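K.L.:
Make a model of this:
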Amino acid sequence: MTLCRLGALGRPPTLPQPLRTLVWGLLALAMQSWAADPYPNRAIRIVVPFAPGGGGDFIARSFSDKLSEVLGQPILIENKGGGNTVVGTEWVSKAANDGYTLGLVSTSLATNPTLMPQMPYRTPEDFAPIALVITYPFGLAARLGLGVSTVPELVAYAKHNPGQLSMATSGDGSGSHLAALMLQEALGSPLVMVTYRGAGPAINDVAAGHVDLLFTGMSQIKPLADAKRLKILASSGLHRIQSESDIKTIAEQGIKGFDAVVWWGMIAPAGTPTAIVDKLNAALKLALSRPEVARRLQVVDGEVSASTPQEFEQMIRLEVQRWRKLLSKVSDKAADKASDKASDKAAEKTP
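P.N.:
Residues are numbered from 1 along each chain as shown. Coordinates of the predicted model:
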């Protein structure tokens, strides 16, 4: 009887067309939501705009395995050196803004806009800052034969021997070069900049007495100082390095406000969704808090400074302004000096 009645009733009543459309639309959205895996669901690559084995490579690899653990996906380090970090950084700026291509950047991100007017990207507009990772100061070292042991003695030497001091650097816009320019400004005397491809050859030449000064990682020069092959005069940050707390800063020794540090941070392409940036920021902070990462980074005497994305963006903007001011001033002085030389030569030729 029941079956007969059901058969007589036939199919359930049909829903009105507008309601059917709404139901199917909601069902489709639900199915898409269930099908889509949350970010991340595949490997993430970090582009390091330096050659393998360098400082940037070391920083990235110091936390990449722990970041991989936190995010649950492989982290691939891809070295794209060249153009004073422009090659690799441009790659990041043009990558898909889906959170799967990130970049490790340093102080050069803030100096290149001044050093290279024709840049292939805008800083920071073409990037989504994720977090500041670490900062660390330099050690200022001198050859033993220079006969100076403190910053005041160096200031006095520069005053009595203007233009005679030489300084080893890693090239225009590098952290060591920026620190050297700051010192030159403070000394009020030009330094003869000697460019090297890496810190190793520069340190060797200072130890051998071929170059007077250099800024480089404290851990790199401490063994040579202990072996009485060069002299450490100071550290370059506002605060003393914890592992070498007996070494005074340049600021403590009379050059007020001197603060030259290297910083490293993580970026993504502009337009990366805020939810992804925030997730990467939280994951990076957690990875950097791991004891293993802290032990690895001890070698650079750095301070892990995991910031918010907003704090890092503001820092980048301030750094661009800061170095533009200094680099422009140095450039103007060099132009004036060249103009004076040209005028002198012209005067010599005038009968």
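K.L.:
so where's the stretch 251-351 of the chain shaky on pLDDT?
P.N.:
330-351 (pLDDT under 70).
K.L.:
Just to check, S176 is in contact with M182?
P.N.:
No - using CB atoms under 8 Å as the test, S176 is too far from M182 to be in contact (10.9 Å). For every residue, glycine as well, the C-beta is placed using N, CA and C.
K.L.:
Those two: which has the busier surroundings?
P.N.:
The residue with more neighbours, out of S176 and M182, is S176; 25 against 20, by other CB atoms under 10 Å.
K.L.:
dump the residue contacts of that one.
P.N.:
With contact taken as CB atoms under 8 Å, 6 or more residues apart in numbering, S176 is in contact with F138, A168, T169, S170, A199, A202, L214, F215, T216.
K.L.:
run the last query once more with 7 Å
P.N.:
The neighbourhood of S176, defined by CB atoms under 7 Å, 6 or more residues apart in numbering, consists of F138, T169, S170, L214, F215, T216.
K.L.:
And stretch 231-249, how far out from the chain middle?
P.N.:
21 Å (CA atoms, centre = their mean, to the nearest Å).
K.L.:
whoops, I mixed them up, stretch 100-112
P.N.:
6 Å.
K.L.:
now the end-to-end length of that stretch.
P.N.:
Stretch 100-112 has an end-to-end distance of 25 Å (criterion: CA to CA, to the nearest Å).
K.L.:
buried stuff in it?
P.N.:
Of the residues in stretch 100-112, 100-112 count as buried by neighbour count, 16 or more other CB atoms under 10 Å.
K.L.:
In contact with the most centrally placed residue in the chain: list those residues for me.
P.N.:
The geometric centre of the chain, computed from its C-alpha atoms, lies nearest to S106 (CA atoms, centre = their mean), at 1.4 Å. Contacts for S106 were tallied using CB under 7 Å, 6+ apart; they are G56, T85, V262, W263, W264.
K.L.:
same deal with T150?
P.N.:
L233, Q253.
K.L.:
make it 8 Å
P.N.:
L233, A234, Q253.
K.L.:
before we move on, the earlier item: backbone dihedrals for the residue nearest to the centre of the chain, please?
P.N.:
phi -130, psi -170 (degrees, to the nearest 10).
K.L.:
Distance of it relative to L132?
P.N.:
11 Å (CB to CB, to the nearest Å).
K.L.:
if I look at those two, which residues touch both of them?
P.N.:
With CB under 8 Å, 6+ apart as the test, S106 and L132 both reach W263, W264, G265.
K.L.:
The residue nearest to the centre of the chain bridge partners, please.
P.N.:
W264 (DSSP bridges).
K.L.:
Check L230 too.
P.N.:
R143.
K.L.:
Is it correct that it is in contact with V206?
P.N.:
Yes - judged on CB under 8 Å, L230 makes contact with V206 at a distance of 5.5 Å.
K.L.:
okay, those two: which has more neighbours?
P.N.:
Between L230 and V206, counted using other CB under 10 Å, the more crowded position is V206 (28 against 23).
K.L.:
Tell me the first helix or strand C-terminal of the helix or strand harbouring the more buried one.
P.N.:
Taking DSSP states H and E as the criterion, V206 maps to helix 199-207. Going down the chain from helix 199-207, the next helix or strand is strand 213-216, by DSSP H and E.
K.L.:
Report the strands that pair with that following strand, each with its relative direction.
P.N.:
Under the rule (DSSP bridges), strand 213-216 has strand 139-143 (antiparallel), strand 166-169 (parallel) as partners.
K.L.:
Would you mind writing the CA trace of it as PDB?
P.N.:
Coordinates of each C-alpha in strand 213-216 appear next as PDB, following Å, rounded to 0.1, in the frame of the first residue of the first chain:
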ATOM      1  CA  LEU A 213      91.700  49.000   8.000                       C
ATOM      2  CA  LEU A 214      88.600  46.900   7.400                       C
ATOM      3  CA  PHE A 215      85.100  46.300   8.700                       C
ATOM      4  CA  THR A 216      84.100  42.700   8.700                       C
END
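K.L.:
Any chance you could list what contacts the following helix or strand past it?
P.N.:
Downstream of strand 213-216, the first helix or strand assigned by DSSP H and E is helix 218-226. Residues outside helix 218-226 that contact it (CB under 8 Å, 6+ apart) are 137-139, 141, 199, 203, 207, 230-232, 235, 241, 243-244, 247, 299-301.
K.L.:
Buried among these? Need that as a selection in ChimeraX.
P.N.:
A single ChimeraX command selects the buried members of those (16+ other CB under 10 Å):
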select :137,138,139,141,199,203,207,230,231,232,235,241,247,300,301
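K.L.:
related to what we said a few turns ago, can you put the strands paired with strand 213-216 in TSV and add distance to G188 and mean pLDDT?
P.N.:
Formatted as TSV, these follow (distance: least, CB to CB, whole Å; pLDDT from 0 to 100):
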stretch	distance to G188	mean pLDDT
strand 139-143	17	97
strand 166-169	15	95
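K.L.:
and of these, who's closest to A186?
P.N.:
Nearest to A186, of all the strands paired with strand 213-216, is strand 139-143, at 11.5 Å by CB to CB.
K.L.:
Okay then, goodbye and thanks.
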